[in-house]
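**Q** show me the folded form of this:
(one chain, ligands or ions: 1)
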Amino acid sequence: MSTPEEEWRGVAAEDTENLTQRATLRLQKRSRALLGRLIRPHLGATVLALALVVAENLASLAGPLLIAAAIDNGIPSAMGGDATTLAWCVGGYLAATTGSAGLRYAFLRLSGRIGQDLLLDLRQRIFRHAQRLSLSFHESYTSGKVISRLTSDVDSLDDLLENGVDGLLSAALSVTGIAVLLLVLDAPLALFVLAGFIPLLLAARWFFRNSNAAYRNTRGAIAKIIVQFVETMNGMRAVQAFRREARNESIMAGLNDSFRRANHRALDVVAVFTMTVRLVGNISLAVVLLIGAWRVVGGGLELGVLTAFLLYLRRFYDPLDDMAMFANAYSAATAALEKISGVLEEEPDVREPAAPVALPPSALGRAITFDSVEFRYTPTGPVVLPEFDLVIPSGQTVALVGPTGAGKSTLAKLVARFYDPTAGAVRLDGVALTDIADADLRQAVVMVTQENFLFAGSVADNIALGKPDATRAEVESAAGAVGAHEFISRLPDGYDTDVRKRGGRLSAGQRQMVAFARAFLADPTVLVLDEATSSLDIPTERAVQGALESVLADRTALIIAHRLSTVLIADRVLVIDDGRVVEDGSPADLIAGSGRFAALHTRWRDSLV
Ligand SMILES: Nc1ncnc2c1ncn2[C@@H]1O[C@H](COP(=O)(O)OP(=O)(O)OP(=O)(O)O)[C@@H](O)[C@H]1O
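**A** Here you go, the predicted model:
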């Protein structure tokens, strides 16, 4: 049986509403640990910021005391002709308020810097980690969720650091300081004020409970909006082609409405708390004024002390509003940290070996071996390859054919190590892919798919992706080798055309040519082509095929193609069905036989007539 530690690892708890107490504690511990790791490099600066905020609060607390001294001692002596005390009080007041403003400035600058450095670190950690995580994670987690971790969740932490922490510190310090001063100034009056804390503590308890739940809901609701938005934008072609706009709009309206309602509930909680704080504050003020005035009239209290008392009292309740702000920001940030730390806790399924094994030198491609490979995409999903054994000698070009869903792309992805087999091993020249360093593997195996993603930048940059230090001459010669030079030269800025700008947009076929040039320049020993020629028109495919034969000549290649003209250039054809090899031979031998490939070939030839 799995322990809660394993059960709630990574992002597993993200969509669970009612967590057990043990799981909640584990997630809180994980969030705190992340916060600790983020703060550690700024420990010295954080202590300095704390010292600044303490000094600022002390300086500003001195103000009313000095006013009290001015009223009770300074003014009477000035009336007697000696203005020294009054001058000291006024000078001291000016110094305290200016000092407090200066200290506030220093604190805000320092805390702002710490906060921004910390957020920068966090954003980079999330991005770096998300790039490291395996395809299997991204397939189930979706880019929308990663974006919401990187944007709205980091923003809520930003909010906490910018407003919340400052508010809490100042509030806690001034409330404690003022409570002490009130007790020193006049203990009986102070006790009346402190009695007001009982309803306040009850209100605070109610507030924390309710705002925590409310903010968890708002984080969940905003994440759903971002996920829906990103999915719609990514699938814009399908959205417009299938007229899904109205349906999407109503889904989005529902999500927006949930977000509005969640925020509304959170704000309601804040409103009730703020009102309670104000009410208690104003009632206390009225009570102190009444009792204080009565005692001043009776001669039991000096007017200056009562004035200071009332001034402190105003400041006593105002920071409690800030506490509400802190609690808001804190609840939102806790929910966000829980999610971010979950993503950071995920481990890549496909890991770089701790002690990599070097590949032997190769001249003519590399041998690929599937050694009793079993594979399923998810631990509970169906077995896609039950037990797959295959040896491809180095230098051989192998074509994989078979019905849709047979497992051809899966085999290709295993050779490129996008996934690891569930059992058995895939080897390159006898070395298990799991033992090869990432850099060596990426150099040895290059996969070209029909996706052909182009990064922002020029056409030349996109080709040079295969070999970042390539010269322009090398880029052009790679393009020439796959027959792409001509169309690239006709682009508005030739090789410097920006592929994301108008006029630089390439057609699907042109993108495939760029991808071929990229692979050619990378010069791998093993080339995997998964439907890589599917977007080319027939004449272009013919031209590419001519180039392909020379490109494939001195390397091992795995080709998946639906067009038989491409398959026929292979040395060997494997017919795959349901995760198994059902026919294996040279194209000529298979065509001469009476199997599936022969039937496929006959149908194809007939269609050409
Ligand atoms: N990312 C994935 N997650 C889960 N299952 C997957 C994934 N990709 C493929 N499959 C499943 O694995 C099986 C084999 O798929 P694969 O893509 O290898 O087939 P194929 O032979 O390449 O098909 P086609 O000719 O249509 O591209 C299918 O049943 C498919 O549903």
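
**Q** residue numbers of the chain in contact with the ligand?
**A** With the criterion set to CB under 6 Å from any ligand atom, the chain comes near the ligand through 139, 377, 381, 384, 402, 404-410. Every C-beta, even on glycine, is put in place using the N, C-alpha and C of the backbone.

**Q** looking at these, which is nearest V154?
**A** Of all the residues of the chain next to the ligand, E139 has the smallest distance to V154: 23.6 Å, by CB to CB.

**Q** that closest one sits in which helix or strand?
**A** Assigned by DSSP states H and E, E139 belongs to helix 135-141.

**Q** which elements pack onto that helix?
**A** Of the remaining helices and strands, none touches helix 135-141 by 3 or more CB pairs under 8 Å, 6 or more residues apart in numbering; DSSP states H and E.

**Q** run the chain-centre distance for that helix.
**A** Centre-to-centre, helix 135-141 and its host chain are 13 Å apart (CA atoms, centre = their mean, to the nearest Å).

**Q** show me which residues of that helix are buried.
**A** Using 16 or more other CB atoms under 10 Å as the burial criterion, the residues of helix 135-141 that qualify are 136-137, 141.

**Q** with stretch 9-29 instead?
**A** 9-11, 13-14, 23, 26-27.

**Q** how about stretch 287-302?
**A** Neighbour-count burial for stretch 287-302, with 16+ other CB under 10 Å as criterion, is recorded at 287-288, 291-292, 295-296, 301-302.

**Q** keeping just the C-alphas, turn it into CSV.
**A** Only the C-alpha atoms of stretch 287-302 are listed here, as CSV (Å, rounded to 0.1, in the frame of the first residue of the first chain):
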residue,chain,number,x,y,z
VAL,A,287,-15.4,54.5,25.9
VAL,A,288,-11.9,55.8,26.4
LEU,A,289,-13.0,59.4,25.6
LEU,A,290,-15.9,59.1,28.0
ILE,A,291,-13.9,57.6,30.9
GLY,A,292,-10.8,59.6,30.2
ALA,A,293,-12.7,62.9,30.0
TRP,A,294,-14.5,62.1,33.2
ARG,A,295,-11.1,61.4,34.9
VAL,A,296,-9.5,64.6,33.5
VAL,A,297,-12.5,66.6,34.9
GLY,A,298,-12.0,64.9,38.2
GLY,A,299,-8.2,65.7,38.1
GLY,A,300,-7.2,62.0,38.0
LEU,A,301,-5.7,62.2,34.5
GLU,A,302,-3.7,64.8,32.6
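
**Q** make 886 the starting number, not 1.
**A** Done: numbering now begins at 886, and the last item shifts to stretch 1172-1187.

**Q** immediately after the helix or strand hosting Q1430, which helix or strand?
**A** Using DSSP H and E, Q1430 sits in helix 1423-1437. Moving toward the C-terminus from helix 1423-1437, the next helix or strand (DSSP H and E) is strand 1441-1445.

**Q** model confidence over that next one, on average?
**A** For strand 1441-1445, mean pLDDT is 92.

**Q** name the helices or strands packed onto it?
**A** By 3+ CB pairs under 8 Å, 6+ apart, strand 1441-1445 packs against strand 1282-1286, helix 1293-1300, strand 1411-1415.

**Q** buried deepest among those, which one?
**A** strand 1411-1415 (a mean of 25; mean count of other CB atoms under 10 Å).

**Q** for A1402, give me its contacts.
**A** With contact set as CB atoms under 8 Å, 6 or more residues apart in numbering, A1402 has these partners: 1348, 1351, 1360, 1363-1364, 1366-1367, 1369.

**Q** quick one, helices of the stretch 1386-1494 of the chain?
**A** 1393-1407, 1423-1437, 1449-1452, 1472-1477, 1481-1493 (DSSP state H, counting those that start in this stretch).

**Q** may I see the domains of this structure written out as residue ranges?
**A** Following automatic domain parsing, one finds the domains of the chain at 906-1230, 1253-1493.

**Q** quick one: secondary structure of the residue in the stretch 1086-1235 of the chain that the ligand sits nearest to?
**A** Residue nearest to the ligand within the stretch 1086-1235 of the chain (CB to the nearest ligand atom): D1234, separated by 12.3 Å. Put simply, D1234 is coil when judged by DSSP: H, G, I helix; E, B strand; the rest coil.

**Q** how many residues are close by the residue nearest to it when sequence neighbours are not counted?
**A** When the adjacent residues along the chain are set aside, D1234 lies closest to S1019, with 4.2 Å between them (CB to CB, 6 or more residues apart in numbering). By other CB atoms under 10 Å, the residues close to S1019 number 17.

**Q** circling back to that earlier point, tell me which of the helices of the stretch 1386-1494 of the chain sits most buried.
**A** By mean count of other CB under 10 Å, these have helix 1393-1407 as the most buried, with a mean of 23.

**Q** picking that back up, just send the helices of the stretch 1386-1494 of the chain back as TSV, with mean pLDDT too.
**A** TSV is the format used below for the helices of the stretch 1386-1494 of the chain (pLDDT from 0 to 100):
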stretch	mean pLDDT
helix 1393-1407	86
helix 1423-1437	73
helix 1449-1452	81
helix 1472-1477	90
helix 1481-1493	82
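
**Q** turn those helices into a markdown table, columns for distance to F1127.
**A** A markdown table is the format used below for the helices of the stretch 1386-1494 of the chain (distance: least, CB to CB, whole Å):
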| stretch | distance to F1127 |
| --- | --- |
| helix 1393-1407 | 20 |
| helix 1423-1437 | 29 |
| helix 1449-1452 | 31 |
| helix 1472-1477 | 39 |
| helix 1481-1493 | 30 |
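
**Q** got a list of contacts for stretch 982-1002?
**A** Outside stretch 982-1002, the residues that reach it (CB under 8 Å, 6+ apart) are 926-927, 930-931, 933-934, 937-938, 940-942, 944-945, 948, 1043, 1046-1047, 1050-1051.

**Q** now stretch 1201-1212
**A** 1045, 1048-1050, 1052-1053, 1055-1057, 1059-1060, 1063-1064, 1067, 1078, 1085, 1089, 1092-1093, 1096, 1155, 1158-1159, 1162-1163, 1165-1166, 1169.

**Q** tell me how far the lengthiest helix in the chain lies from the chain's centre.
**A** Taking DSSP state H as the criterion, the chain has its longest helix at helix 1130-1182. Helix 1130-1182 sits 32 Å away from the centroid of its parent chain (CA atoms, centre = their mean).

**Q** show the pLDDT at G984.
**A** 92.

**Q** swap in the one 3 residues further on?
**A** Reading off the confidence values, G987 has pLDDT 94.

**Q** cool, and V932?
**A** 91.

**Q** and it, what element?
**A** Per DSSP H and E: helix 928-954 holds V932.

**Q** tell me the helix or strand right after that helix.
**A** helix 960-964.

**Q** for that next one, output the C-alpha coordinates as PDB.
**A** C-alpha atoms of helix 960-964 as PDB (Å, rounded to 0.1, in the frame of the first residue of the first chain):
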ATOM      1  CA  ILE A 960       3.600  74.200  27.100                       C
ATOM      2  CA  PRO A 961       3.300  74.900  30.900                       C
ATOM      3  CA  SER A 962       7.000  75.700  31.200                       C
ATOM      4  CA  ALA A 963       6.900  77.800  28.100                       C
ATOM      5  CA  MET A 964       4.000  79.700  29.700                       C
END
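
**Q** what residues does that helix touch?
**A** 968-971.

**Q** any buried residues in it, and which?
**A** I960.

**Q** next, the angle helix 928-954 makes with the next helix or strand after that helix.
**A** With elements assigned by DSSP H and E, the helix or strand that comes after helix 960-964 is helix 969-1017. Interaxial angle, helix 969-1017 versus helix 928-954 (axes from the mean of the first three to the mean of the last three CA atoms, to 10 degrees): 150 degrees.

**Q** and helix 969-1017, how far out from the chain middle?
**A** Using CA atoms, centre = their mean, the offset of helix 969-1017 from its chain centre is 28 Å.
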